[in-house]
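> sequence first, predicted coordinates after that:
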Amino acid sequence: KISRSLFFPHIQVIIFSKDLLANPYILQNTLDVYIRDHEMRRNIRLFVSEKNAEAILKQSAKPENLPAQYIDMLAEHPPKNAQMIEAARIGEVQEKMISNQSFVLPILELTKQGVQMNGAALFRGKDNKCVGSLSGEQTVGMNYIIGKKIGGFFTIRKKDQLITYEIHKVHRKIKVSTTNATKPKFDIHLSLEGTLAELHFSDHKQVMNEKRLKRDISKEMEKRIQKSIKLVQKKYKVDVLELGEVYKRHNYKEWKKISKNWDQGENYFSNAEITVHVHPTIEHSGSALPKRVK
């Protein structure tokens with residue numbers, strides 16, 4: 001009991017337990033009051049807790065004063081770390097639920113150092129059920145396709161070399177062929193702008209030119225992105241990649257015929273052909289690379 005009335009517009013975050021959201025329609029029913037009440041803000045951020053949601057808010061919030069402020073600030077980090085997805089707001093999630101679109105929410109977990117935002121929870125559009133989750137590393141591949149503000153470091157580790165590529169900008173272009181309406185083909189082209197943050201070789205005499213560096217970055221990134229695509233497409237069968245929207249814009253007439261069976265029913269999404277092409281550029285390479293690597 002408190003002497004002051006609650007001021008609901010102060011709510012910044014809502015955290016759900018992952019186990020709770022494994023039940024259909026729980027998310028939709030719980031958010032109903034937040035969506036309809038005139039005092040609630042539509043920009044409240046939503047998160048999923050790997051375990052007990054209450055424990056997240058009991059953790060130390062330093063250097064912030066309140067745990068909710070600390071978590072809200074964590075949500076600003078995705079442009080610097082591709083293992084995090086952008087925190088969705090209530091208004092955005094409501095739009096997804098109304099249109100029966102699958103979507104993702106960021107995962108919070110407790111560590112010895114405090115609260116960490118890492119990975120993504122996957123939600124099925126038709127009943128808002130949490131069907132599974134991606135680890136931080138798996139989230140990276142998905143983020144390059146759907147992330148609006150994406151950056152961070154991409155590291156390649158091999159026996160004789162370590163390359164860290166810092167991504168500053170990502171430009172996407174998705175081409176779709178609907179010749180076979182129930183088995184569309186998507187060609188995703190990712191153009192990256194970035195710099196070399198680290199470059200190490202076990203053999204100091206080894207020569208590696210910029211062309212080979214870009215080829216290695218492209219090959220490894222395509223491999224990791226395809227792994228993430230395979231998980232959401234073949235295992236979880238939910239279109240969190242938003243390719244249905246691309247199909248809809250490209251061929252609305254055919255989309256109307258197959259939309260109810262896109263990632264439910266017949267699940268045409270799980271049979272779509274998805275190919276990824278990565279085109280990295282290395283900025284300031286003249287000053288960043290030693291002579292033997294130019």
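Now that the structure is in, tell me what you want to look at. Numbering: from 1, shown residues only.

> let me see the mean pLDDT of stretch 11-20.
Stretch 11-20 comes out with an average pLDDT of 92.

> any idea how far apart the tips of that stretch sit?
Terminal residues of stretch 11-20 are spaced 21 Å apart (CA to CA, to the nearest Å).

> and the longest helix anywhere in the chain, what's buried?
When the chain is parsed with DSSP state H, its longest helix is helix 210-230. Under the neighbour-count criterion of 16 or more other CB atoms under 10 Å, helix 210-230 has 210, 213-214, 216-218, 220-222, 224-225, 228-229 buried. For every residue, glycine as well, the C-beta is placed using N, CA and C.

> cool, stretch 87-98 as well?
If you call a residue buried by 16+ other CB under 10 Å, then stretch 87-98 has these buried ones: 87-88, 90, 92-94, 96-97.

> stretch 130-139 too?
The neighbour-count check on stretch 130-139 (16+ other CB under 10 Å) flags 130-134, 136, 138-139 as buried.

> and the gap between L190 and N251?
Separation of L190 from N251 (CB to CB, to the nearest Å): 23 Å.

> more crowded one of these two?
Higher neighbour count among L190 and N251: L190, with 22 against 18, using other CB atoms under 10 Å.

> need phi/psi at the more buried one.
Backbone torsions for L190, taken as degrees, to the nearest 10, come to phi -110, psi 120.

> mind listing the strands for the stretch 151-294 of the chain?
Ranges of strands in the stretch 151-294 of the chain, per DSSP state E, counting those that start in this stretch, are 152-157, 161-177, 185-201, 273-282.

> can I get the ones you listed in a markdown table with mean pLDDT and distance to K18?
Converted to a markdown table, the strands of the stretch 151-294 of the chain look like this (pLDDT from 0 to 100; distance: least, CB to CB, whole Å):
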| stretch | mean pLDDT | distance to K18 |
| --- | --- | --- |
| strand 152-157 | 87 | 24 |
| strand 161-177 | 91 | 28 |
| strand 185-201 | 90 | 29 |
| strand 273-282 | 95 | 27 |
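
> got TSV for these, with distance to I26 too?
Listed next are the strands of the stretch 151-294 of the chain as TSV, based on distance: least, CB to CB, whole Å:
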stretch	distance to I26
strand 152-157	32
strand 161-177	32
strand 185-201	32
strand 273-282	30
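
> for N118, give me its contacts.
Contacts for N118 (CB atoms under 8 Å, 6 or more residues apart in numbering) come out as 83-84, 107, 109, 135-136, 139.

> run the last query once more with 10 Å
The contact partners of N118, by CB atoms under 10 Å, 6 or more residues apart in numbering, come to 50, 74, 81, 83-85, 106-109, 111, 134-137, 139.

> and the pLDDT at it?
pLDDT, N118: 88.

> look up how far I56 lies from it.
N118 is 13 Å from I56, by CB to CB.

> also Q161?
From Q161 to I56 the distance is 39 Å (CB to CB).

> so those two - more neighbours on which side?
Taking Q161 and I56 together and counting by other CB under 10 Å, I56 has the greater number of neighbours (23 against 16).

> what does the helix or strand hosting the more buried one contact?
Here I56 sits within helix 53-57, counting by DSSP states H and E. Helix 53-57 has contacts (CB under 10 Å, 6+ apart) with 13-20, 47, 49-50, 66-68, 70-71, 108-110, 114-115.

> show me what counts as buried in that helix.
Neighbour-count burial for helix 53-57 [16+ other CB under 10 Å]: 53, 56-57.

> what about the strands in the stretch 1-150 of the chain?
13-17, 45-49, 103-111, 114-123, 130-134.

> list the beta-bridge partners for I15.
F47 (DSSP bridges).
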